[in-house]
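Novice: Need coordinates for the following:
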Amino acid sequence: MVQIEKFLARYEKLAEDLGEAQLRARWAKDEAEIAQEFLAHARAIRQERAAAAREGRAPQLIDLLNSWGGVTVAYRRRLIDAPSYTLNHEEVAKAMEEGVRFAECLAPDEVEVDAQGNAAALRVEKHQFDEATGKLVATGEKLTLPARTILVAAGTQPNTVLAREDEQNFKLDGRYFQAVGEDGEPVKPERVSKPANPQVLISLRPDGRAISFFGDLHPSFSGNVVKAMGGAKQGYPVVSRVLAKRKAEAPAPAALLGKLNDELRAVVEDVIRLTPNIVEIVVRAPIAARAFQPGQFYRLQNYESLAPRTPDTVMAMEGLALTGASVNHEKGLLSTIVLEMGGSSDLCAMLKPGEPVILMGPTGTPTETPSKETLLLAGGGLGNAVLFSIGQQARASGSRVVYFAGYKKIIDRYKVEEIEKAADVVIWVCDEAPGFTPSRVQDSAFVGNIVEAMAAYGRGDLGEAEIPLRSVDRLIVIGSDGMMRAVQQARHSVLRPYLKPDHHAIGSINSPMQCMMKEICAQCLQMHKDPVTGKETVVFSCFNQDQPLDHVEFGSLRSRLTQNGAQEKLTKLWIDHCLRSIGARPELVAG
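Specialist: The predicted structure follows:
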């Protein structure tokens, strides 16, 4: 309700500024239908609130929600079997007070979709509980539950990514981390919420330093927030005893606090406009800068307390996944590149030198840059920023690099020197004539798209190739989903005669992201389809954004990137409206 009421309020204000026709013209057909439903529901809520105020009663909002379909939890088992009920039944009671329905013994079978590929219904099969065996038995009865939004709760798994990244300090014992006792020897924690002897250490080093674990990572304390908090209360004596065995060492507390503040607190160093819609944000964050490896990225936000304000909007950013373009280890500086696409990305240009920001990372898996290979880098627009450090690292490792740098307009090009450092040969590609003029003798230029440029290079139309396509061992493609899909398909058609048959092709997949903490929230799931067997799998893009190009299902990616188009396009206009109201955008003329 909060979302659609805000949607209506913003729509009405923007319609006054721009006119409804111009506002609606930005939506595709399916987006316009979704927006119309949002507006109709929000107006109904507004009318009910007004009627309730006139009649001196509470608004009957749950009745409204139920008339639109409401919220149903379809559960495979019985309510009394649900962990939310057995571990924290208050959650269930509060949900029911909010009008949430609980449908027992329904096994999901299939999701029905409409003509646009959006969810329309959930097909389920009814089960019943067999008292004799204590098991659920399928009845064969099929039901269809109309549903526009389907949230899948597939159970939780402890996030043990660290065991793959740091095998020295993190071992596994089945699904969980291997616990050790206070003597450093492996132990098995009790799988009860109040263990008699809490085992909360993962490792204990010879010098007495240790690593502890709690919550869903721990077999005794997984399940819900209440158990996690209880685990911390039970486990702190173990942590205290381990700390007590170590003597206090330098630096002194005040010096340590100062060092941590200096190393960990991220502060904006500079904001540099590179093109009309691309901004470079240089951040001072020494530890984050030292940890960076080519191909990784960061999550950036401003602080709500420092965010610009209008009378009705706090312009606080959502967490943005931003490319790590380059780092300066000596000064502790890292450079991130932002494409202004509307919404939060448009707020980055308002950051000020000296302003504290929230920076998480680097995250993601570093791009593999093997030595003594021949690499082809293909970058589209913002994707070129990712390739600076990758190409430079590859050359430093003894590999040769041919780089296709693609742009829509001449004015879109930036960081030319960085690209030249990243490649032995650069082909400057631009959709807009007359294109670019290379500054190095070995480089060339092409007017058209990046696939056409690669084909022309392969045919020899751009002159004798210093690095022939036939010699390329590995392709790394980074750009829009449309550009990467075009390269994926062209490798098996127009580019096939010029490429080595056994080359490797990698795409950096930027699917929608939320937490960016490696296999936590599942917002970044990307579908893969094996080109030989047809088997479908999913991967977490925030853990490993570099994915085999032939396995990426780009139709799924496009669908997910556009799934919130109605809200995102309205938010873009709203942020523009807010920026104009504080003088940070020129006024627009309504049409």
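
Novice: what number of residues lie near residue 114?
Specialist: Other residues near residue 114 number 12, with proximity taken as other Cβ atoms under 10 Å. C-beta here means a position set from N, CA and C on the backbone, and glycine is covered the same way.

Novice: whoops, residue 87 was the one
Specialist: Using other Cβ under 10 Å, residue 87 has 13 other residues around it.

Novice: mind listing what it touches?
Specialist: 223-224, 226-227 (Cβ atoms under 8 Å, 6 or more residues apart in numbering).

Novice: List buried members of those by neighbour count.
Specialist: 223-224, 227 (16 or more other Cβ atoms under 10 Å).

Novice: Same list (the residues you listed) but as a markdown table, adding distance to residue 43, secondary structure and pLDDT.
Specialist: Listed next are these as a markdown table, based on distance: Cβ to Cβ, whole Å; DSSP: H, G, I helix; E, B strand; the rest coil; pLDDT from 0 to 100:
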| residue | distance to residue 43 | secondary structure | pLDDT |
| --- | --- | --- | --- |
| 223 | 42 | coil | 75 |
| 224 | 38 | coil | 74 |
| 227 | 43 | helix | 82 |
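
Novice: Out of the residues you listed, flag the one nearest to residue 436.
Specialist: residue 224 (57.3 Å; Cβ to Cβ).

Novice: just to revisit the earlier point, of the contacts of residue 87, which is the nearest to residue 66?
Specialist: When those are compared against residue 66 (criterion: Cβ to Cβ), the nearest one is residue 224, at 27.6 Å.

Novice: Spit out the contact partners of the closest one.
Specialist: Per Cβ under 8 Å, 6+ apart, neighbours of residue 224: 83-84, 87-88, 91.

Novice: what about the helices in the stretch 251-400 of the chain?
Specialist: Along the stretch 251-400 of the chain, the stretches classed as helices by DSSP state H, counting those that start in this stretch are 253-264, 286-291, 344-347, 383-396.

Novice: and among those helices, the most buried is which?
Specialist: The highest mean neighbour count among the helices of the stretch 251-400 of the chain, using mean count of other Cβ atoms under 10 Å, belongs to helix 383-396: a mean of 24.

Novice: picking up where we left off before, okay if I get the contacts of residue 224 as a markdown table plus pLDDT, secondary structure and distance to residue 36?
Specialist: Listed next are the contacts of residue 224 as a markdown table, based on pLDDT from 0 to 100; DSSP: H, G, I helix; E, B strand; the rest coil; distance: Cβ to Cβ, whole Å:
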| residue | pLDDT | secondary structure | distance to residue 36 |
| --- | --- | --- | --- |
| 83 | 80 | helix | 39 |
| 84 | 81 | helix | 35 |
| 87 | 77 | helix | 41 |
| 88 | 78 | helix | 39 |
| 91 | 85 | helix | 34 |
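
Novice: So among those residues, which ones count as buried?
Specialist: Counted by 16+ other Cβ under 10 Å, the contacts of residue 224 give 84, 91 as buried.

Novice: Of all pairs in the contacts of residue 87, which one spans the longest distance?
Specialist: Of all pairs in the contacts of residue 87, the most separated under Cβ to Cβ is 223 and 226 at 8.3 Å.

Novice: quick one: pLDDT of the most far-flung residue of the chain relative to its centre?
Specialist: Here the centre of the chain is the reference, and by Cα atoms, centre = their mean the most remote residue is residue 132, at 47.2 Å. With respect to pLDDT, residue 132 has a value of 89.

Novice: swap in residue 161?
Specialist: For residue 161, the pLDDT comes out at 89.

Novice: what's the spacing between the nearest residue to residue 414 once chain neighbours are set aside and residue 413?
Specialist: Among residues not flanking residue 414 along the chain, residue 274 sits closest, at 3.8 Å (Cβ to Cβ, 6 or more residues apart in numbering). As judged by Cβ to Cβ, to the nearest Å, residue 274 and residue 413 stand 9 Å apart.
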